[in-house]
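In: just need the structure, nothing else, for what follows:
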Amino acid sequence: MPGTLFVVATPIGNLEDLTMRALRVLREVSVIAAEDTRRTSHLLARYAIQTPMTSVHEHNEGKKAAALLARLAAGESVALVSDAGTPTISDPGQHLIRQAIDAGIRVEPVPGPNAAIATLAVSGFKADSFTFLGFPPTRSKARFDWFAKLAASAPVAVFYEAPHRVRRTLEEVRSVLGDCEVVIGRELTKKHEELVRGPITTALKAILEPVGEFTVVVNIGQSPERLDIKRPDDAAIQHEFGEMTESTRAPRRQHIALLATKYGMTANDVYAAIERAKKSVE
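Out: Numbering: from 1, shown residues only. As a prediction, the model looks like this:
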């Protein structure tokens with residue numbers, strides 16, 4: 001009889017957040033597939049868990065999956081863990097899980113900490129419907145596609161960001177959605193945990209020297225642009241288009257597409273508005 005692949009959530013900071021069930025599973029499985037064995041070893045040492053580990057990360061998951069599936073097929077059970085939080089949520093593990101499902105192997109969740117849900121829960125925003133967008137891409141086209149999804153999200157969006165990019169991303173969010181309300185979680189559940197609340201302008205002043213990974217909750221439904229359903233005039237569209245082209249390097253058509261998504265217009269309507277505004281000042 002095949003074993004079980006347990007997808008185990010681990011603490012995002014405070015090691016006391018490991019559940020009793022997760023402790024039992026980590027002790028009982030044959031092997032722990034860890035994103036970084038060095039990081040996971042600290043957790044295991046805290047609870048005197050001596051289960052063998054093997055590394056499974058984004059660069060070797062394809063190669064490691066076959067060996068782990070063979071062990072599962074032979075009746076052994078495996079625990080999949082990431083460095084922190086829930087595996088596959090902006091972390092490795094999806095390939096292994098998909099392969100296990102296709103092979104008819106039981107995949108069982110062991111739920112627990114998750115930075116996105118933890119920050120959303122204390123945001124104070126209406127959370128019965130939200131969009132999770134992971135980490136914003138760094139490459140131009142993918143990044144603009146990501147911002148188009150953000151602009152179309154409602155009423156709340158959650159994403160992660162690295163410390164060296166968080167200010168730039170927040171500035172771009174403000175350019176797309178206006179100075180909307182955000183809640184930013186940093187170093188969640190750790191000694192220096194911080195929650196920043198308020199308009200994006202206020203948040204930018206509070207994170208002058210970003211340190212640690214960030215979770216951002218955006219109250220899109222309360223952004224000025226969402227509350228004001230009136231379509232901006234041609235001059236306003238041209239002005240915003242100019243600000244976007246100055247602040248970010250991307251093809252003209254991507255800026256137009258983003259404005260179209262933001263204001264519920266077609267790309268042709270945005271282009272026409274820009275051209276009309278140009279002619280009006282000639």
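In: what sits up against stretch 82-92?
Out: With contacts defined as CB atoms under 8 Å, 6 or more residues apart in numbering, stretch 82-92 is touched by 7-13, 34-36, 39-40, 56-58, 61, 80-81, 93-94, 97, 111-116, 132, 134-135, 160. Glycine gets a C-beta too; all of them are placed from N, C-alpha and C.
In: just the buried ones from those residues?
Out: Buried members of these, scored by 16 or more other CB atoms under 10 Å, are 7-13, 34-36, 40, 56-57, 61, 80-81, 93, 97, 112-116, 132, 160.
In: those residues in helices, which ones?
Out: Among these, the ones falling in helices (DSSP state H) are 40, 61, 97, 115-116.
In: which of the residues you listed sits closest to L72?
Out: When those are compared for distance to L72 (CB to CB), I97 wins out at 11.3 Å.
In: contacting residues around the closest one?
Out: 5, 7, 80, 88, 107.
In: can you rerun that using 6 Å?
Out: Applying CB atoms under 6 Å, 6 or more residues apart in numbering to I97 gives the contacts V107.
In: the nearest residue to Y160 once chain neighbours are set aside in helix, strand or coil?
Out: Excluding its sequence neighbours, the residue lying closest to Y160 (CB to CB, 6 or more residues apart in numbering) is F135, at 5.0 Å. Taken by DSSP: H, G, I helix; E, B strand; the rest coil, the conformation at F135 corresponds to coil.
In: cool, and the one 3 residues further on?
Out: State at T138, reduced to three classes by three-state DSSP: coil.
In: that one: what's its closest spatial neighbour, skipping adjacent residues?
Out: That would be R165: by CB to CB, 6+ apart, it lies 7.5 Å from T138.
In: residues in contact with the helix or strand containing R38?
Out: R38 is located in helix 37-46, with elements delineated by DSSP states H and E. Identification of contacts with helix 37-46 by CB under 6 Å, 6+ apart yields 15, 34, 53, 55, 81, 83.
In: give me the distance between the fourth one and E213.
Out: Using CB to CB, to the nearest Å, one obtains 21 Å as the distance from S55 to E213.
In: got the contact list for P163?
Out: Per CB under 6 Å, 6+ apart, neighbours of P163: 210-211.
In: and it, what pLDDT?
Out: Note on P163: pLDDT of 93.
In: can you give me the strands in the stretch 51-200 of the chain?
Out: Ranges of strands in the stretch 51-200 of the chain, per DSSP state E, counting those that start in this stretch, are 53-55, 78-81, 106-110, 130-132, 156-161, 181-186, 194-199.
In: just checking, next helix/strand downstream of the last one?
Out: In the C-terminal direction, the helix or strand that comes right after strand 194-199 (DSSP H and E) is helix 200-206.
In: show me what the helix or strand just after that next one is packed up against.
Out: Per DSSP H and E, helix 200-206 leads on to strand 214-218 as the next helix or strand towards the C-terminus. Applying 3 or more CB pairs under 6 Å, 6 or more residues apart in numbering; DSSP states H and E, one finds that strand 214-218 makes contact with helix 115-121, strand 156-161, strand 181-186.
In: and the angle for strand 214-218 with strand 156-161?
Out: Here the directions of strand 214-218 and strand 156-161 differ by 160 degrees (axes from the mean of the first three to the mean of the last three CA atoms, to 10 degrees).
In: tell me how many other residues crowd the residue nearest to T138.
Out: 14 (other CB atoms under 10 Å).
In: how about P137?
Out: 13.
In: so which of the helices and strands packed on strand 214-218 gets nearest I256?
Out: Comparing the helices and strands packed on strand 214-218 by CB to CB, strand 156-161 comes nearest, at 22.0 Å.
In: redo the strands of the stretch 51-200 of the chain as JSON lines? Include distance to R71.
Out: As requested, those are exported to JSON lines (distance: least, CB to CB, whole Å):
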{"stretch": "strand 53-55", "distance to R71": "10"}
{"stretch": "strand 78-81", "distance to R71": "7"}
{"stretch": "strand 106-110", "distance to R71": "14"}
{"stretch": "strand 130-132", "distance to R71": "32"}
{"stretch": "strand 156-161", "distance to R71": "32"}
{"stretch": "strand 181-186", "distance to R71": "37"}
{"stretch": "strand 194-199", "distance to R71": "42"}
